[in-house]
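In: with the sequence up front, the predicted model follows.
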Amino acid sequence: MAKRTQRRADRLSREVIVKAATDLLDTGGEAALTLRAITSRLSTGYGAVYHHVENKSDLLAAATDDIIAGVMTGVVVDAEPREALRTVALGLFDAIDAHPWVGAQLSREPWRPALLEIYECIGGLLDALGVPGQALFDAAGALVNYVLGVAGQNAANARAHASGEVDRTAFLSAIAAQWAELDPGKYPFVHKAAARLPEHDDREQFLSGIDIFLAGIATLR
């Protein structure tokens, strides 16, 4: 009897509920996350769930905190700051790509631990690189906005492609074809970029942006 009671307690822990919420969010987005869906998946009652979370908003935030905590724990604290910044940026990009709902939640409640941990980590690493004074605040804000903005847009695009709404290759090829027909005298860069657009890798381009950013902040020291 004691063992069965313990198993029930473990099954209804906050961690188990958050994991179930994450699975629902990954499968169907925020619309799929309801308390009814959680109780059905865990074969439990509303009271057991409310014992661990306040409501859907609290559950969504907890799932986001859990995903971001996993990224932050992957940062090697004694690594060279530039490499650590690349690691955390790419980790966030991949996490939001895998869990598109995370990006929206981060912007919705910036006071939650998830975004605070991101700012603290990135700000600390930029400080370790010797970025001074006011430039440190601006650099941290710019880098966080770049990482979350690009990652969020990429995740939205990837979800559209995965759902069959848009075929990525066909979509980019169509844009490239239109760009190639533009007047190169009026749009010289866009005209040249058309050849690279269909086959570019979003993840590699994102990381190139991080390297460009890091090269820029090196001039601030």
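Out: That came through fine. Residues are numbered from 1 along each chain as shown.

In: so for this structure, the centremost residue is which one?
Out: Nearest to the geometric centre of the chain sits Ile96, at 2.7 Å (C-alpha atoms, centre = their mean).

In: give me the neighbour count for the nearest residue to Lys192 once chain neighbours are set aside.
Out: Leaving aside its sequence neighbours, Lys192 sits nearest to Pro184 (C-beta to C-beta, 6 or more residues apart in numbering; 7.8 Å). C-beta: built from backbone N, CA, C; applies to glycine. Using other C-beta atoms under 10 Å, Pro184 is surrounded by 12 other residues.

In: which strands or helices does the longest helix along the chain pack on?
Out: Longest helix of the chain, by residue count under DSSP state H: helix 133-162. Using 3 or more C-beta pairs under 8 Å, 6 or more residues apart in numbering; DSSP states H and E as the contact test, the elements touching helix 133-162 are helix 81-98, helix 101-108, helix 113-128, helix 168-180, helix 202-217.

In: give me the buried positions along it.
Out: Residues of helix 133-162 classed as buried by neighbour count (16 or more other C-beta atoms under 10 Å): 136, 139-140, 143-144, 146-148, 150-152, 154-155, 157-158.

In: name the nearest of the residues you listed relative to Leu35.
Out: Ala155 (25.3 Å; C-beta to C-beta).

In: Thr39 sits in which helix or strand?
Out: Per DSSP states H and E: Thr39 is located in helix 35-42.

In: give the buried residues for that helix.
Out: Ala37, Ile38, Thr39, Leu42.

In: export these to a markdown table and tack on pLDDT and distance to Ile17?
Out: Putting these into a markdown table (pLDDT from 0 to 100; distance: C-beta to C-beta, whole Å) gives the following:
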| residue | pLDDT | distance to Ile17 |
| --- | --- | --- |
| Ala37 | 93 | 12 |
| Ile38 | 92 | 6 |
| Thr39 | 92 | 10 |
| Leu42 | 90 | 7 |
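
In: residue contacts, Trp179?
Out: Tyr187, Val190, His191, Ala193, Ala194, Leu197 (C-beta atoms under 8 Å, 6 or more residues apart in numbering).

In: what about 6 Å?
Out: Val190, Ala194 (C-beta atoms under 6 Å, 6 or more residues apart in numbering).

In: ok, Ala139 next?
Out: For Ala139, the contact set (C-beta under 6 Å, 6+ apart) comprises Leu126, Val131, Ile217.

In: redo that, cut-off 8 Å
Out: Contacts of Ala139 by C-beta under 8 Å, 6+ apart are Leu126, Val131, Ile217, Leu220.

In: same check on Gly209?
Out: By C-beta under 8 Å, 6+ apart, the neighbours of Gly209 are Tyr146, Val150.

In: what do you get for Leu106?
Out: Thr64, Ile68, Arg112, Ala114, Leu115, Ile118, Leu148.
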